[in-house]
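**Student:** A predicted structure for the sequence below; I have some questions about it.
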Amino acid sequence: MNSTQVSYFTLAAYFDTGLLKYLFFIIAMFLYAMILCANVLLIVIICMNRSLHEPMYLFLCSLFVNELYGSTGLFPSLMVQILSDIHTVPASFCYFQIFCVHSYGTVELFLLTAMAYDRYAAICYPLQYNTCMSSARLPIMNSVAWVYGFSTCFIMVCLSSSLQLCGNMINKVYCDNYSVVKLSCSDTQILNILGLISCFLHILCPLILILFSYMKILKVCFSGSKQTRQKAVSTCTPHLVSLMNFSFGGFFEIYQSRFDMSSVPSMLRIFLSLYFLTCQPLLNPVLYGFNMSKIRNIYKSLLFAKM
């Protein structure tokens, strides 16, 4: 069987849950609605208030847009599959979902890296902050995150879709690139090498830059005033929690794709494989909405005005 003959993929991680499938559908629909409402609300608040047109909040706006993009690449398909008795997807849609999921992850990590640099510049070089994060540099940093994430994932999907496949069974609830590569009959050595290079560029490099930024921030905090430490804690805590949450979900997803997890209960495997696509889009609006005083105050004023 080659790639031209694979017209559909079967998502084998789904199993018969009887009437419980309606409960799972309601839960998925509720989560998706919460993600849409929370992220759209914060995007509107940031865009409509000129006082929030600062680098930190504009990065947040871009992050919330990415949460909407990533969750939309998963939830509509997930809800359809939950109610369906035949868990198959067309090959074209499967590759499209692979592109959405992987580009979401890449853009997310690059935006978190840009936000770490923004905090580094604000805390370590406050007098030069406007130069470091100028109005000309900010859109470039945002654009690089999106263009790089989309272009590299597009190349990856093109390479994967050209493989000769010996099967069409994916043991997940959504399409994943490595699961498709494992179905290949042809030599995947080049793809494996490219995958290692991609992991270095997409994961290790951003994490190294984030680690460097926080080492410098900690150095300034220990040698600085109490006010500097309070500023660092208030602005860096949401970013650190968001980064650790995304890293946990991403790490488990990579580990699960490459190692045998048959000893782990299937429901737990499904939950953890969906973690970075569900908990991250839900957590970020809560983290930044409640911890950023400007956003919180504007939200309160809007709420009380309506009441």
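**Tutor:** Okay, I see it. Numbers count the residues shown, from 1 in each chain.

**Student:** which residue ranges of the stretch 151-300 of the chain form helices?
**Tutor:** 177-181, 189-199, 205-223, 226-258, 266-273, 275-291, 293-306 (DSSP state H, counting those that start in this stretch).

**Student:** let me have those in JSON lines, adding distance to Gln97, mean pLDDT and mean neighbour count as columns.
**Tutor:** Heads up, the C-betas are built off the backbone N, CA and C, glycines and all. As requested, the helices of the stretch 151-300 of the chain are exported to JSON lines (distance: least, C-beta to C-beta, whole Å; pLDDT from 0 to 100; neighbours: other C-beta atoms under 10 Å):
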{"stretch": "helix 177-181", "distance to Gln97": "10", "mean pLDDT": "86", "mean neighbour count": "21"}
{"stretch": "helix 189-199", "distance to Gln97": "18", "mean pLDDT": "76", "mean neighbour count": "13"}
{"stretch": "helix 205-223", "distance to Gln97": "23", "mean pLDDT": "87", "mean neighbour count": "15"}
{"stretch": "helix 226-258", "distance to Gln97": "14", "mean pLDDT": "82", "mean neighbour count": "16"}
{"stretch": "helix 266-273", "distance to Gln97": "13", "mean pLDDT": "83", "mean neighbour count": "15"}
{"stretch": "helix 275-291", "distance to Gln97": "11", "mean pLDDT": "86", "mean neighbour count": "20"}
{"stretch": "helix 293-306", "distance to Gln97": "32", "mean pLDDT": "66", "mean neighbour count": "12"}
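
**Student:** including distance to Ser143, could those go into CSV?
**Tutor:** Shown next, in CSV, are the helices of the stretch 151-300 of the chain (distance: least, C-beta to C-beta, whole Å):
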stretch, distance to Ser143
helix 177-181, 24
helix 189-199, 20
helix 205-223, 16
helix 226-258, 21
helix 266-273, 30
helix 275-291, 21
helix 293-306, 24
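
**Student:** which residues touch the residue sitting nearest the centre point of the chain?
**Tutor:** In the chain, the centroid-proximal residue (C-alpha atoms, centre = their mean) is Gly105; its distance is 4.0 Å. Shown in contact with Gly105 (C-beta atoms under 8 Å, 6 or more residues apart in numbering): 70, 202, 250, 276.

**Student:** repeat for Leu60
**Tutor:** Taking C-beta under 8 Å, 6+ apart as the test, what Leu60 contacts is 42, 46, 115, 288, 292.

**Student:** and with 6 Å instead?
**Tutor:** Applying C-beta atoms under 6 Å, 6 or more residues apart in numbering, one finds that Leu60 lies in contact with Tyr288.

**Student:** how is Ala13 assigned, secondary-structure-wise?
**Tutor:** coil (DSSP: H, G, I helix; E, B strand; the rest coil).
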